[in-house]
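**Q** take this sequence and fold it.
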Amino acid sequence: MAGKIKIKGNFIVAAACILLSGIFITAGICQCKNGSSFLHNLALKAEGEGFSGKWLNNTLGKGDDLDNTDNVSFAAWTELKGEQVSAKDGTRQCSTDVCAVYGESGCVLPFDRNLPVADRQGCIIGIKLAEELFGSHNAEGMEIIWRDNIWIVRGVVKKPSSLFMAQAAGIADKIAFDRINIRLGNEKDRRRAGENFINRHGLYASVLRWDYLYSLAWLEEIIPGRWSDFQGFKQNFQKHGRAVELVENTGKTAIEAEGLYCKEKGRQLFITGIFFLTAGSIFCLKKHLL
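**A** Reported below is the predicted structural model:
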């Protein structure tokens, strides 16, 4: 009798562990996908004061051609810390980090609403900022004052919750843009794509490989054209090391930090799911051994 109770107990525990493993693994995969949404496009970081306003005016909005085969669009942007924003009626104001974009905002935040270059009064805000300024997250069409200009809310996003993203094409001469996000076409080699873009436009910039912090896909980039090319292996490892050092020492914007947070949380949830799956398997094995 006692043996049957123990077997039944092991079965219940095993079933509970397997159920929990499914929940945690699914949640982990969803979180990782969310992180990928924030970090999907390739990012460049300017070396020095920022990208030339003249170059941006002459280039942005025209598109570019990557390797003469894959079309790619891009946007310049920067995050301005501690900017004062207020509701148009002046009743509420607060300090927040502003994401100023020159180009289609979908290159920077590649989901939800988009701010095209022509929409020079449009902005997208996070749900927390909407509630602080308007007392409600239903803020589409509301007006915000930032830097003595009026910005019309085109959309409200859940994350980043304190986001204020403005289409800054009309005030580009007053802002130093230190980031470029590239929406890649069919190009899968991110390092090659970034280097080609930099060389084509003669930019002083580096590729920010956020994916090196959460993905092992870089292992493919380490392999040179020939396995016997040991010097090629060495050079690729050195490039990878410098790229990792760069992203680790680069200040993260709210969008980049949110993406990396989702990736890390997803990884933790996935590992927890594997733990419960292993525990469930052990209890199932006990059931068969008894």
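**Q** can you pull out the low-pLDDT segments for this protein?
**A** In the prediction, the chain carries residues with pLDDT under 70 at positions 1-10, 61-72, 185-187, 218, 222, 224-230, 232-233, 283, 285-290.
**Q** what comes up buried for the strand ranked longest in it?
**A** In the chain, taking DSSP state E as the definition, the longest strand is strand 70-87. For strand 70-87, burial by neighbour count (16 or more other CB atoms under 10 Å) applies to 72, 73, 74, 75, 76, 77, 78, 79, 80, 83, 85, 87. C-betas here are computed from N, CA, C, even on glycine.
**Q** now flag whichever of these is closest to residue 138.
**A** Lowest distance from residue 138 to the buried residues of strand 70-87 (CB to CB) belongs to residue 87, with 13.7 Å.
**Q** torsion angles phi and psi at the closest residue to residue 243 other than its chain neighbours?
**A** Closest residue to residue 243 apart from its sequence neighbours, by CB to CB, 6 or more residues apart in numbering: residue 209 at 4.6 Å. Main-chain dihedrals, residue 209, degrees, to the nearest 10: phi -100, psi 80.
**Q** so residue 209 touches residue 193, yeah?
**A** No. Under the criterion of CB atoms under 8 Å, residue 209 is not in contact with residue 193, lying 11.2 Å apart.
**Q** tell me, how many residues neighbour the spatially closest residue to residue 163 that is not a sequence neighbour?
**A** Using CB to CB, 6+ apart and skipping residues adjacent in sequence, the residue nearest residue 163 is residue 126, 3.7 Å away. For residue 126, the neighbour count with other CB atoms under 10 Å is 22.
**Q** swap in residue 91?
**A** So residue 91, with other CB under 10 Å, has 10 neighbours.
**Q** do residue 94 as well
**A** When counting by other CB under 10 Å, one arrives at 15 neighbours for residue 94.
**Q** could you do residue 271 as well?
**A** 12.
**Q** mind listing what residue 120 touches?
**A** 167, 169, 170 (CB atoms under 8 Å, 6 or more residues apart in numbering).
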